[in-house]
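Peer 1: Have a look at this fold, sequence not included:
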Ligand code: 5AD
Ligand code: SF4
Ligand code: FES
């Protein structure tokens, strides 16, 4: 006889079979998973949510991922590149609003000029915030030396999504060429970890061709890789991308949303003390999507602090939330929203990954 959901949740180790059963639960059983994940979160990382003020500094990208609205070949995307002065203004706003950290994100560009620009920005961010702001960067695949230079310049967390841990699926989402090589992506993640970054990855959920088995493998991938952070969310189609033609293969947007919440809660159960972000894409589907993710295991939220006039152009997918707001509008709105979840906000705290802190104590970093 197969195990009940209650029986599986009592275990401390999970087989692929267990995870597959959990991923495919109906509504009643799903709530059991959510409740369990919420308990794990409270016990291991507490009922606190940390802010990372997100600065989408440029949507210029040299890559051609099939799912992404700002891919190189999308001539319809209006390109922008925010000036350093404007970036530093956004940083000041985050600091004054007592956000513990910021995230610098951009399309993928690799050049000596870009490397220097980021290094300078990192140093300036540290300086103007008296070293009070934590810095996460999400700037794609780069040579080891670049990762090292940015680490030494003040960044201490790096986000690089694997998108899918199944190479076959990866190549259905990316052109098969040197610029989009699965092995290079893996090597980059390893290198980031080795340099000493708190390393984060993530996947998209509900992609065409993706199976439950792929998603279960994604969870095991993150566990085996011993990652410190994760940001994952639903795939949301964008009509000006090549993947759009497979829309008929997709599950409903509501099902992608629910499956994303399940993935977040299962990851919390598998990796109890890591930082898990409530992805912005969740809010594109449900106005309180990120708050729902906080309730079932996420503990990081990334309020957008990109100056308002640029927000509309960083369109990885359709329906991106808060593109009409200014950062100050979001701050007030977010505090009320988080209040509803029963969590409190860790103002002016870095909120580093407890998993990473433990790894340092164990001499693993
Ligand atoms: N839907 C959801 N997420 C997307 N991303 C890019 N395009 C989409 C999309 N259409 C995510 C990718 C990337 C991150 C910056 O945004 O996972 O790593
Ligand atoms: Fe560029 Fe990232 Fe979009 Fe790929 S997902 S096209 S690397 S911005
Ligand atoms: Fe942006 Fe509510 S979070 S306006």
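Peer 2: Sure, I can see it. Please read these numbers as outputs of a predicted model, since none were measured by experiment. Ligands and ions are numbered 1, 2, ... in the order given.
Peer 1: how long is stretch 16-32 from one end to the other?
Peer 2: Taking Cα to Cα, to the nearest Å, the first and last residues of stretch 16-32 lie 19 Å apart.
Peer 1: in it, what's buried?
Peer 2: Residues 18-19, 21-23, 29-30, 32 are the ones in stretch 16-32 that count as buried (16 or more other Cβ atoms under 10 Å). Bear in mind the C-beta positions are built from the backbone N, C-alpha and C, glycine included.
Peer 1: With respect to residue 119, which of those is nearest?
Peer 2: residue 19 (40.9 Å; Cβ to Cβ).
Peer 1: Do I have it right that that closest one meets residue 219?
Peer 2: Yes: with contacts counted by Cβ atoms under 8 Å, residue 19 reaches residue 219, the gap being 6.1 Å.
Peer 1: before we move on, back to that, quick check, nearest of the buried residues of stretch 16-32 to ligand 3?
Peer 2: Lowest distance from ligand 3 to those (Cβ to the nearest ligand atom) belongs to residue 30, with 25.8 Å.
Peer 1: residue contacts, residue 319?
Peer 2: Contacts here follow Cβ atoms under 8 Å, 6 or more residues apart in numbering; on that basis residue 319 touches 236, 284-285.
Peer 1: 7 Å instead, please
Peer 2: 236, 284 (Cβ atoms under 7 Å, 6 or more residues apart in numbering).
Peer 1: Kindly provide the distance from it to residue 46.
Peer 2: 32 Å (Cβ to Cβ, to the nearest Å).
Peer 1: touching ligand 2 at all, stretch 58-66?
Peer 2: Yes: on the criterion Cβ under 6 Å from any ligand atom, stretch 58-66 is in touch with ligand 2 at 61, 63, 65.
Peer 1: Residues of the stretch 201-350 of the chain that sit close to ligand 1?
Peer 2: Neighbours of ligand 1 within the stretch 201-350 of the chain, by Cβ under 6 Å from any ligand atom: 204, 235-236, 238, 281, 316-317.
Peer 1: ok, 8 Å please
Peer 2: Residues of the stretch 201-350 of the chain lying close to ligand 1 (Cβ under 8 Å from any ligand atom) are 202-204, 232-238, 241, 243, 279, 281, 316-317.
Peer 1: Residue 52 contacts residue 94, correct?
Peer 2: No: counting by Cβ atoms under 7 Å, residue 52 stays clear of residue 94, with 8.7 Å between them.
Peer 1: any idea which helix or strand carries the residue most central in space within the chain?
Peer 2: Centroid check for the chain by Cα atoms, centre = their mean gives residue 231 as the closest residue, at 2.5 Å. Element membership for residue 231, per DSSP states H and E: strand 229-234.
Peer 1: Against which helices or strands is that strand packed?
Peer 2: Using 3 or more Cβ pairs under 7 Å, 6 or more residues apart in numbering; DSSP states H and E, the elements in contact with strand 229-234 are strand 198-201, strand 204-205, helix 253-270, strand 275-278, helix 280-285.
Peer 1: Hmm, residue 205 is touching residue 236, no?
Peer 2: No: using Cβ under 7 Å as the test, residue 205 is too far from residue 236 to be in contact (10.3 Å).
Peer 1: what about these two, which has more around it?
Peer 2: Comparing residue 205 with residue 236 by other Cβ atoms under 10 Å, the one with more neighbours is residue 205, at 28 against 22.
Peer 1: That one: what's it in contact with?
Peer 2: Taking Cβ under 7 Å, 6+ apart as the contact definition, residue 205 lies against 215, 232-235, 256, 259-260, 263.
Peer 1: Specify the beta-bridge partners of it.
Peer 2: residue 234 (DSSP bridges).
Peer 1: picking that back up, which neighbours do residue 52 and residue 94 share?
Peer 2: When contacts are counted by Cβ under 7 Å, 6+ apart, residue 52 and residue 94 have residue 102 as shared neighbours.
Peer 1: buried sites along the lowest-mean-pLDDT helix or strand in the chain?
Peer 2: Within the chain, no helix or strand scores below helix 308-311, which has a mean of 74 by mean pLDDT, DSSP states H and E. Going by neighbour count (16+ other Cβ under 10 Å), the buried part of helix 308-311 is 310-311.
Peer 1: Report all helices and strands that the helix or strand just after it contacts.
Peer 2: Toward the C-terminus, helix 308-311 is succeeded by helix 327-341 as the next helix or strand (DSSP H and E). Applying 3+ Cβ pairs under 7 Å, 6+ apart, we find helix 327-341 packed against helix 289-295.
Peer 1: average pLDDT across the helix it packs on?
Peer 2: Taken as a whole, helix 289-295 has an average pLDDT of 95.
Peer 1: just to revisit the earlier point, quick check, nearest of the residues of stretch 58-66 next to ligand 2 to ligand 3?
Peer 2: For the residues of stretch 58-66 next to ligand 2, the nearest to ligand 3 is residue 61 (24.2 Å; Cβ to the nearest ligand atom).
Peer 1: now the closest one, what's its secondary structure?
Peer 2: Assigned state for residue 61: coil (three-state reduction, DSSP: H, G, I helix; E, B strand; the rest coil).
Peer 1: For it, which residues are in contact?
Peer 2: With Cβ under 7 Å, 6+ apart, residue 61 has these contacts: 70-72, 107-108.
Peer 1: Might you enumerate the residues of this structure proximal to ligand 3?
Peer 2: 283, 303-304, 321-322, 325, 329-330, 332-334, 337.
Peer 1: 6 Å instead, please
Peer 2: 322, 325, 329-330, 333-334.
Peer 1: From those, list just the buried residues.
Peer 2: Neighbour-count burial (16+ other Cβ under 10 Å) applied to these gives 322, 330, 334.
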